[in-house]
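J.: Just a sequence and a predicted model for now, questions to come.
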Amino acid sequence: MRQSAYRALTLILVLSTSAVSVALFKPATTGTAMTAAANAFLASLSDEEKAVALQDYDAPHRVDWHFIPKDARKGLKIGDMNVDQRKLAYGLLKSALSDVGYDKTTKIMDLENLLKQLQKNGPIRDPYRYYVTIFGQPKADARWGFSFEGHHLSLNFVVEGNAVISSTPQALCTNPAELKETYSEKFPRGYRILKQEETVGFELVNNLSPEQAKVALIAAKAPAEIRNPGKTHAPNDAPVGIAAKDLSGSQQQSLRSLIDVYCAAMPADVAAARRKQIEDAGFDKVHFAWAGATKPGVGHYYRVQGPTFVIELVNTQPDVAGNIANHVHCIFRDMAGDFALPIE
């Protein structure tokens, strides 16, 4: 009897200890990590700095976004922070992105150093000319927003109940898209930050049959820019191009891979939520459209649109050295509404 009781007690202790261990080591959600990082950043600021970095959630400029060079932007500039504050700001950014997304983002910022070197009389180029804004109080029981923005970057998030409920607009851009010569050890020939965004798209369009290509190709010339840059919402029009249901199994996998390039910039839980929304809404309803050349070095554009999202990439502008079609703008947007604001 005593031995049985001892075994039962031992089992209870083991199970209890395991439950405590699971509770203690359960991975934090992205929203939880962002809330903690946002509060750490805000705690490092003076009252004057906080007045710039912390805005009301309903402030009109929460939806004022763009990736072009601008003289003034909302938020506190990285260049106006001290070293410790910068570390905390980058920590907040890192909490909102995957390792892949953070790597791309910081490399885009670092590319400003090359643009500064090459554009002697151009716009101000500065890797510290990026801005952090927090909208509302970062609390577990509140809705709050986070913006990180500057030249060729606009990342926007809304957190509620420690969950990320919006992660768009997500804009990543590069100039040059590919370095045509070696400028330094850091910037070698062939350096490409957004390589997958282009190469996976080219692989898909060039794997279409002639009949499929007739449906997918929507224009002989690529547009100059993605649609609705700087506007609160993406265009709410019907998708164009070829539907996923009309693609072969391998082509559908390529399309999924292309979508995943954009989802993979986000942490695992946010990326998984995006993928689930896409599948739940019907992957067969996703459309792939292409405009312009189907080879690099000539203006090209693609759009991937489903009921829940739209992706666009355009590469028509010359780079800073004058190489044509070597300047990429690409974006992921929510067809239900960016910034956690429903499309009316």
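T.: Received the coordinates, thanks. Numbers count the residues shown, from 1 in each chain.
J.: So residue 133 belongs to a strand, correct?
T.: Yes - assigned with DSSP: H, G, I helix; E, B strand; the rest coil, residue 133 falls within a strand.
J.: contacting residues around it?
T.: Taking C-beta atoms under 8 Å, 6 or more residues apart in numbering, we find residue 133 in contact with 53, 54, 55, 62, 74, 75, 76, 145, 146, 147, 149. (Glycine included, C-beta is placed from N, CA and C.)
J.: mind running it again at 6 Å?
T.: Applying C-beta atoms under 6 Å, 6 or more residues apart in numbering to residue 133 gives the contacts 74, 75, 147.
J.: pLDDT at it, what is it?
T.: pLDDT for residue 133: 99.
J.: Now do the residue lying closest to it once chain neighbours are set aside, the pLDDT please.
T.: Of all residues not flanking residue 133 in the chain, residue 75 sits nearest, at 3.3 Å (C-beta to C-beta, 6 or more residues apart in numbering). Per-residue pLDDT puts residue 75 at 98.
J.: Likewise for residue 71?
T.: So, for residue 71, pLDDT stands at 88.
J.: Relative to residue 77, how far out is it?
T.: Using C-beta to C-beta, to the nearest Å, residue 71 is found at 12 Å from residue 77.
J.: So which of the two has more stuff around it?
T.: Neighbour tally, residue 71 and residue 77, criterion other C-beta atoms under 10 Å: the higher count belongs to residue 77, 18 against 6.
J.: Return the residues in contact with that one.
T.: residue 131.
J.: hmm, 8 Å instead?
T.: Applying C-beta under 8 Å, 6+ apart, the residues contacting residue 77 are 128, 129, 130, 131.
J.: what bridges to it?
T.: residue 131 (DSSP bridges).
J.: can you give me phi and psi for residue 285?
T.: Backbone torsions of residue 285, given as degrees, to the nearest 10, read phi -90, psi -10.
J.: again, but for residue 156
T.: Dihedral angles (degrees, to the nearest 10) for residue 156: phi -140, psi 130.
J.: how about low-confidence regions in the chain?
T.: 1-27, 122 (pLDDT under 70).
J.: Can you give me the domain boundaries for it?
T.: 30-166, 195-340 (automatic domain parsing).
J.: Quick one: end-to-end length of the shortest one, please.
T.: The first residue of domain 30-166 is 12 Å away from its last residue (C-alpha to C-alpha, to the nearest Å).
J.: can you check stretch 189-200 too?
T.: So stretch 189-200: terminal residues 21 Å apart, C-alpha to C-alpha.
J.: buried ones in it?
T.: Neighbour-count burial for stretch 189-200, with 16 or more other C-beta atoms under 10 Å as criterion, is recorded at 191, 192, 193, 194, 195, 196, 197, 198, 200.
J.: With stretch 268-286 instead?
T.: 270, 271, 273, 274, 277, 278, 281, 283, 286.
J.: now those residues as a markdown table including secondary structure?
T.: Listed next are those as a markdown table, based on three-state DSSP:
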| residue | secondary structure |
| --- | --- |
| 270 | helix |
| 271 | helix |
| 273 | helix |
| 274 | helix |
| 277 | helix |
| 278 | helix |
| 281 | helix |
| 283 | helix |
| 286 | coil |
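J.: which one of those is nearest residue 86?
T.: residue 270 (24.3 Å; C-beta to C-beta).
J.: Can you verify my assumption that the closest one contacts residue 167?
T.: Yes - assessed by C-beta atoms under 8 Å, residue 270 is found in contact with residue 167 at 5.5 Å.
J.: quick one: contacts of stretch 229-237?
T.: So stretch 229-237 is in contact with 63-68, 171, 227-228, 310, 329, 331, 333-335, 337-339, 341, 343, going by C-beta under 8 Å, 6+ apart.
J.: Name the nearest residue to residue 316, ignoring sequence neighbours.
T.: residue 299 (3.8 Å).
J.: Hmm, that neighbour is touching residue 290, no?
T.: No - using C-beta under 8 Å, residue 299 makes no contact with residue 290, being 11.7 Å away.
J.: residues contacting the most centrally placed residue in the chain?
T.: The structure's the chain has its C-alpha centroid closest to residue 170; by C-alpha atoms, centre = their mean the separation is 3.8 Å. Shown in contact with residue 170 (C-beta under 8 Å, 6+ apart): 154, 155, 156, 262, 265, 266, 331, 332, 333.
J.: Cool, thanks, talk later.
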